[in-house]
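Enquirer: this one's sequence-less:
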């Protein structure tokens, strides 16, 4: 019998994700027993400041990494969009289960989509990626920083804000699709890197657990995630800059789009690339370099000065 302790954040969505992985592991091997190790991360504690101002990588993962490293947990379940591109030595993202909807979704006071909102509408989001893209398309909107779990943010609708933008994956996982009024096309609002993807992190040395976790990996999701994260890693991007990417597979061909923008939305640099799916990482790097050469480098250098992109 194998007992697997699963490190997770304490939010309702994080617990759903951890329980999902626990259930899948027990389905694979009925002799497996599971236990959730619930952890509060720095990102969970700081709710009154936009993530872009908190800074630093691993806001939602550092304490979970530590639980894995010191033996309090055997695996960790993350939302991949929160996971830094560099992981602690001796650990890896071992599996990416099937990706959920990568798009963003919006709930509005009008009951319609973003197009139904009037000039001056207050949009609730703390994501620079969302703000930069929407400022270009809807220059009359104002943006209000809101943080917290899905339920907390939706609770501000109609009082503090006129619309709340959320990751569609979280909304669907929590069974709250009916509260959304539009699922925003990725051509209108390019998703965050790896949005909708879960990552199962393990210690490299744990061969028996790794053999189990390997069976949860979805090859298509893993390839798409690898391309998007390679793009992000080459840009050395974090929460302080609007970066987006979206990879799709068409047979053996991978199509990857990416974006880097000014925080105020005054300039968005977009490009795309296609190539063999087995070259996902190289494609992500090449797309990042193309965007850097088109002006992304100056955007990043200004935001990260004196650090070079």
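Expert: Ah, there it is. In this text, all values refer to a predicted model and were calculated from it rather than measured experimentally.
Enquirer: Surely residue 90 is in contact with residue 204?
Expert: Yes - counting by Cβ atoms under 8 Å, residue 90 touches residue 204, with 5.5 Å between them. Every residue, glycine included, has its C-beta placed from N, CA and C.
Enquirer: For residue 296, which non-adjacent residue is spatially closest?
Expert: Nearest residue to residue 296 in three dimensions, chain neighbours excluded: residue 260, at 4.1 Å (Cβ to Cβ, 6 or more residues apart in numbering).
Enquirer: Confirm that the one you found lies within a strand, as I assumed.
Expert: Yes - using DSSP: H, G, I helix; E, B strand; the rest coil, the assignment for residue 260 is a strand.
Enquirer: Could you report the pLDDT at it?
Expert: At residue 260, the predicted lDDT confidence score is 96.
Enquirer: What's the separation between it and residue 194?
Expert: Plainly put, residue 260 is 16 Å away from residue 194 if you go by Cβ to Cβ, to the nearest Å.
Enquirer: State the phi and psi torsions of the closest residue to residue 93 other than its chain neighbours.
Expert: Of all residues not flanking residue 93 in the chain, residue 199 sits nearest, at 4.3 Å (Cβ to Cβ, 6+ apart). Backbone torsions for residue 199, taken as degrees, to the nearest 10, come to phi -130, psi 130.
Enquirer: and if you look at residue 104?
Expert: The phi and psi torsions at residue 104 (degrees, to the nearest 10) take the values phi -100, psi 160.
Enquirer: That one bridge partners, please.
Expert: residue 167, residue 184 (DSSP bridges).
Enquirer: quick one: it and residue 169 touch, right?
Expert: No - applying Cβ under 8 Å as the test, residue 104 and residue 169 come out as separate, 9.6 Å apart.
Enquirer: what mean pLDDT does whichever strand or helix holds residue 271 have?
Expert: Residue 271 belongs to strand 268-276 when assigned by DSSP states H and E. Strand 268-276 shows an average pLDDT of 98 in the prediction.
Enquirer: how about the strands in the stretch 201-309 of the chain?
Expert: 243-250, 253-261, 268-276 (DSSP state E, counting those that start in this stretch).
Enquirer: Please tabulate those strands in a markdown table and include mean neighbour count as additional columns.
Expert: Below are the strands of the stretch 201-309 of the chain laid out as a markdown table (neighbours: other Cβ atoms under 10 Å):
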| stretch | mean neighbour count |
| --- | --- |
| strand 243-250 | 23 |
| strand 253-261 | 22 |
| strand 268-276 | 16 |
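Enquirer: can I get those strands in CSV with distance to residue 109?
Expert: Below are the strands of the stretch 201-309 of the chain laid out as CSV (distance: least, Cβ to Cβ, whole Å):
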stretch, distance to residue 109
strand 243-250, 26
strand 253-261, 27
strand 268-276, 27
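Enquirer: Go through those strands and name the closest to residue 144.
Expert: Nearest to residue 144 among the strands of the stretch 201-309 of the chain is strand 253-261; the distance by Cβ to Cβ comes to 19.5 Å.
Enquirer: So residue 35 belongs to a strand, correct?
Expert: Yes - under three-state DSSP, residue 35 falls within a strand.
Enquirer: per-residue confidence at it?
Expert: Residue 35 carries a pLDDT value of 97.
Enquirer: which residues does it bridge with?
Expert: With DSSP bridges as the rule, residue 35 is bridged to residue 5.
Enquirer: ok, now which ones touch residue 287?
Expert: Going by Cβ atoms under 8 Å, 6 or more residues apart in numbering, residue 287 touches 231, 245, 256, 258, 271, 272, 273.
Enquirer: Neighbours of residue 281, how many?
Expert: Using other Cβ atoms under 10 Å, residue 281 has 16 neighbouring residues.
Enquirer: and if you look at the one 4 residues further on?
Expert: Around residue 285 there are 18 other residues, counting by other Cβ under 10 Å.
Enquirer: Got the confidence number for it?
Expert: What the model reports for residue 285 is a pLDDT of 98.
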